[in-house]
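A.B. asks: This is the structure alone, sequence omitted:
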């Protein structure tokens, strides 16, 4: 027996900062004996009272059978421009690095809501972080794997995530994906090494515990058992 579950939640710039005002996910899932879906209470699903951690847990549980988009908390819609293409009649390779950058900045901006929800406003200087006035991120390296040539017209989704198990003392890895809506497939994947840098002293810094908690909240790891 299958159960179709349709649930909505108000879009949060922290959880899914896309241009859409609401997010709708239609999940066709097998009913489990204890009336839960991957550990998510059907009552909570029906009432729309899932916490962000629960939503993140469902997202990860479904990722193996659903769209790869479900594996990334940050989505940014990007329409392909005619000028993005080159003489080979597909989007130029350099453009994907720019798409990654767009997702990366959206991810950093999402930190603000996460910091507030964690109650760590006094521990993370978000203005200094995002505007390179104190301790903030600096891109150390980036890479891209091109999976599928994209042409105009198309609408892309630039996505990002920060695996919590790849956070180190002074850096973390951000992973990217560019999804083609027209072809419904991955156009490119990549990653970037981001180092924490003290822009006042000109030296490397550390990934603070407050920042780790912020990253964890966005990734949906906080509160998951």
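C.D. replies: Thanks, I have it. Keep in mind it's a predicted model, so treat the numbers as computed, not measured. Numbering: from 1, shown residues only.

A.B. asks: following the lengthiest helix in the chain, which helix or strand comes up?
C.D. replies: As assigned by DSSP state H, the longest helix anywhere in the chain is helix 93-118. Where DSSP states H and E defines the elements, the next helix or strand beyond helix 93-118 is helix 126-130.

A.B. asks: Show me what counts as buried in that next one.
C.D. replies: Neighbour-count burial for helix 126-130 flags 126, 129 (criterion: 16 or more other C-beta atoms under 10 Å). All C-beta spots, glycine's among them, are computed from the backbone N, C-alpha and C.

A.B. asks: And it, what does it pack against?
C.D. replies: Secondary-structure packing of helix 126-130 (3 or more C-beta pairs under 8 Å, 6 or more residues apart in numbering; DSSP states H and E): helix 93-118, strand 135-146.

A.B. asks: Please work out which of those is packed deepest.
C.D. replies: helix 93-118 (a mean of 19; mean count of other C-beta atoms under 10 Å).

A.B. asks: could you say what helices and strands that helix packs with?
C.D. replies: strand 74-79, helix 126-130, strand 135-146, strand 155-161, strand 171-180, strand 185-198, helix 209-219.

A.B. asks: Tabulate the ones you listed in JSON lines, adding columns for mean pLDDT and distance to residue 91.
C.D. replies: Converted to JSON lines, the helices and strands packed on helix 93-118 look like this (pLDDT from 0 to 100; distance: least, C-beta to C-beta, whole Å):
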{"stretch": "strand 74-79", "mean pLDDT": "96", "distance to residue 91": "10"}
{"stretch": "helix 126-130", "mean pLDDT": "89", "distance to residue 91": "28"}
{"stretch": "strand 135-146", "mean pLDDT": "97", "distance to residue 91": "10"}
{"stretch": "strand 155-161", "mean pLDDT": "97", "distance to residue 91": "9"}
{"stretch": "strand 171-180", "mean pLDDT": "98", "distance to residue 91": "9"}
{"stretch": "strand 185-198", "mean pLDDT": "98", "distance to residue 91": "8"}
{"stretch": "helix 209-219", "mean pLDDT": "93", "distance to residue 91": "28"}
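
A.B. asks: Save the ones you listed as JSON lines, and put in distance to residue 97 too.
C.D. replies: Conversion of those to JSON lines gives the following (distance: least, C-beta to C-beta, whole Å):
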{"stretch": "strand 74-79", "distance to residue 97": "13"}
{"stretch": "helix 126-130", "distance to residue 97": "20"}
{"stretch": "strand 135-146", "distance to residue 97": "6"}
{"stretch": "strand 155-161", "distance to residue 97": "11"}
{"stretch": "strand 171-180", "distance to residue 97": "9"}
{"stretch": "strand 185-198", "distance to residue 97": "8"}
{"stretch": "helix 209-219", "distance to residue 97": "22"}
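
A.B. asks: Minimum distance to residue 113: which of these has it?
C.D. replies: Evaluated over those, closeness to residue 113 peaks at helix 209-219, with 8.7 Å, by C-beta to C-beta.

A.B. asks: Okay, now the unreliable bits of this structure?
C.D. replies: Applying pLDDT under 70 to the chain picks out residues 1-66, 221-225.

A.B. asks: at 90 instead, please
C.D. replies: Applying pLDDT under 90 to the chain picks out residues 1-67, 112-113, 115-128, 130, 132, 220-225.
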